[in-house]
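Visitor: Have a look at this prediction, sequence included:
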Amino acid sequence: MAENKSKLNGTETSILNNILEIKLELIEIENKFEDHRNGKSPPPFPYLIDAGNKRTIVISEKIEKLIFSISRNLYDVNSSLYGKFTRLEWNKIVRKAFGPALAETDLNDNTLESAANVLDTVKKELTAYDSHKNSEEYSLGCILFEPTQLTDYQSFDFSIGPIRFESRDAWLQRKVTEEIISPVTVRRLLRRWDGERLKKRQSSSGNMEESRLFTVFADAPFIASITIENSGWEAGLEKSLTAARLSFSSISLLFSMSCNILDGIYLMHDKTLRTQKIISINLENHVIRSQYKRSPSNGPLAIDEGFFKVLNNNDEYFTIIGSIINYVTDSPINIRNPRIISAMSQALLWFHEACRETVALMAIVKLSSSLDAMAAGRKSGGIKRLITARLGIREDQPLWDGGPIMESAVNDIYSQARSRDCARDQFQDRTRLDVCPIRRGMADGFMLAPMPGMGGKASRF
């Protein structure tokens, strides 16, 4: 081991020193428990790590922090982990790997060789965990439109790249065909969703399967599903949520009122119900108590042949969106023009968040960030050049019919609303405007022209 000491880089040395600190702290914890058993001190508050074989190790807050530091260092030096695991998820995995390694080490051996042996054991556990990850299909309940507006709702099936949107019934039948869900579970679920009260099943596994599906999809007429490869569960979930949000943004942009459309298409995961209780006292000291509830609507889309015509006549557009989704989900599919795809993914996500935002000024900030992403971070000047290049609107022309002149609008929106504190100074009065037209106008022109080398123009419904 002495020969290898000179080869250790700074990160490895830091990790080994952290492990030695952990071992010393474990000895200190043992002494504290010994003092407690002898009546010399109160019991230390324990943190526990599973050490395998029904064993646990008592650790301290200091050890938690040291393991977190090791986890961070291991993550930072291994670029293959980026996107594969979230940092929080990776820390949980590293923490779990330390349990068996610390259980087997000699705490009284404070040499670097001993620390290296612990680190090797941890790395083997991490490698084994990484190699056993399988593909995971994430299924997310969502609202696309009111099912009663579609005669053949049960057979609805539409894909954007790797993400698939199906009616709840179609998804259930597909899972029966794939032998993942039993026919009995599906029959019972459909009856329960129709309002029937059924007896509890004798099979515990069948009852658990049914309960999970009933709870998650009870209010979801549609299901978005996507398979994520080679990712931890939490990272895979984040990718699947991002894929669905990108899809909703892309669908909304085919309509002239994009922001309003996004009010009615959403994941059940993102659904919010805000209850605001307000007491106001008028000038004559009359107390008025009011309650205001805000929740997303059930979908404003009027479903008819025109809706499906939009979906079916924009294959090239959805191919581009599919490439963006493949990019953000780290699909192994080769992506053309990754820099452009990256910019478009950021722009679409900012657009989605802007349309979801309930605070008007923050919506403008996010819409500006969306345009900034499309302009490759070149600020207001880049945004104006982008608008002229992609939409053909000059700086002295209105952004939309009856709207502000492009130059002044971009300067106000980007340089003022985005970059300054709207709660103070002379800009305060200027921000008290109705930003809904600005939202609609910015959304109206967004992405209706193709990016360079990315294909044709999306049509509107």
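Guide: Sure thing, it's come through.
Visitor: if I pick Gly382, what's in contact with it?
Guide: By Cβ atoms under 8 Å, 6 or more residues apart in numbering, Gly382 lies in contact with Asp372, Ala375, Ala376. In short, each C-beta sits where N, CA and C put it, glycine included.
Visitor: my read is Glu137 is in a strand, agree?
Guide: Yes: assigned with DSSP: H, G, I helix; E, B strand; the rest coil, Glu137 falls within a strand.
Visitor: So the closest residue to it other than its chain neighbours, which state does it fall into?
Guide: Nearest residue to Glu137, sequence neighbours excluded (Cβ to Cβ, 6 or more residues apart in numbering): Thr227, at 4.7 Å. Using three-state DSSP, the secondary structure recorded for Thr227 is strand.
Visitor: Contacts only, for Thr227.
Guide: By Cβ under 8 Å, 6+ apart, Thr227 lies in contact with Ser135, Glu136, Glu137, Tyr138, Pro162.
Visitor: picking up where we left off before, Phe217: which of the contacts of Gly382 is nearest?
Guide: Taking Cβ to Cβ as the measure, Phe217 sits nearest to Asp372 out of the contacts of Gly382, at 37.5 Å.
Visitor: For burial, what's the neighbour tally of that closest one?
Guide: Residues near Asp372, counting by other Cβ atoms under 10 Å, number 22.
Visitor: Spell out the secondary structure type for Leu48.
Guide: Using three-state DSSP, the structure places Leu48 in strand.
Visitor: I'd like the numbering to begin with 42 instead of 1 from here.
Guide: Sure thing, new numbering starts at 42, so read that last one as Leu89.
Visitor: Tally up the residues packed near the nearest residue to it once chain neighbours are set aside, please.
Guide: Counting by Cβ to Cβ, 6+ apart, Leu89 lies nearest to Thr97, which is 4.8 Å off, once chain neighbours are set aside. Thr97 has 13 neighbours, counted by other Cβ under 10 Å.
Visitor: Distance check, Glu187 against Ser288.
Guide: 19 Å (Cβ to Cβ, to the nearest Å).
Visitor: rewinding a little: for ChimeraX, write a command that selects the buried ones of the contacts of Thr268.
Guide: To isolate the buried members of the contacts of Thr268 in ChimeraX, using 16 or more other Cβ atoms under 10 Å:
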select :177,179,203
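Visitor: Pull the most distant pair out of the contacts of Thr268.
Guide: Glu177 and Pro203 (12.8 Å).
Visitor: still on that earlier bit, Ser372: which of the contacts of Gly423 is nearest?
Guide: Ser372 lies nearest to Ala417 out of these, by Cβ to Cβ, at 23.4 Å.
Visitor: And that closest one, how far from Asp147?
Guide: 56 Å.
Visitor: same deal with Asp453?
Guide: Asp453 is 68 Å from Asp147, where distance means Cβ to Cβ.
Visitor: Check whether Glu394 really touches Lys407, as I assumed.
Guide: Yes: applying Cβ atoms under 8 Å as the test, Glu394 and Lys407 come out as touching, 5.0 Å apart.
Visitor: Those two: who's more crowded?
Guide: Counted by other Cβ under 10 Å, Glu394 and Lys407 do not tie: Lys407 has more neighbours, with 21 against 18.
Visitor: my read is Arg377 is in a helix, agree?
Guide: No: secondary structure of Arg377 (three-state DSSP): coil, not part of a helix.
Visitor: correct me, but it touches Gly363?
Guide: No: applying Cβ under 8 Å as the test, Arg377 and Gly363 come out as separate, 12.0 Å apart.
Visitor: Where is the longest helix in this protein?
Guide: In the chain, with assignment by DSSP state H, the single longest helix is helix 51-78.
Visitor: So for this structure, the centremost residue is which one?
Guide: Centrality entry for the chain: nearest residue to the mean C-alpha point is Glu279, 3.6 Å, by Cα atoms, centre = their mean.
Visitor: For this protein, name the helix or strand with the lowest mean pLDDT.
Guide: Among the helical and strand segments of the chain, the one scoring lowest on mean pLDDT, DSSP states H and E is helix 43-46, with a mean of 41.
Visitor: buried residues in stretch 370-390?
Guide: Residues of stretch 370-390 classed as buried under the neighbour-count rule (16+ other Cβ under 10 Å) are 370-372, 378, 381-390.
Visitor: so can I have JSON lines of those showing distance to Leu230 and pLDDT?
Guide: JSON lines is the format used below for the buried residues of stretch 370-390 (distance: Cβ to Cβ, whole Å; pLDDT from 0 to 100):
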{"residue": "Thr370", "distance to Leu230": "29", "pLDDT": "91"}
{"residue": "Asp371", "distance to Leu230": "33", "pLDDT": "84"}
{"residue": "Ser372", "distance to Leu230": "31", "pLDDT": "77"}
{"residue": "Asn378", "distance to Leu230": "43", "pLDDT": "81"}
{"residue": "Ile381", "distance to Leu230": "43", "pLDDT": "86"}
{"residue": "Ile382", "distance to Leu230": "39", "pLDDT": "89"}
{"residue": "Ser383", "distance to Leu230": "40", "pLDDT": "89"}
{"residue": "Ala384", "distance to Leu230": "42", "pLDDT": "89"}
{"residue": "Met385", "distance to Leu230": "38", "pLDDT": "89"}
{"residue": "Ser386", "distance to Leu230": "35", "pLDDT": "92"}
{"residue": "Gln387", "distance to Leu230": "39", "pLDDT": "92"}
{"residue": "Ala388", "distance to Leu230": "39", "pLDDT": "90"}
{"residue": "Leu389", "distance to Leu230": "34", "pLDDT": "92"}
{"residue": "Leu390", "distance to Leu230": "33", "pLDDT": "93"}
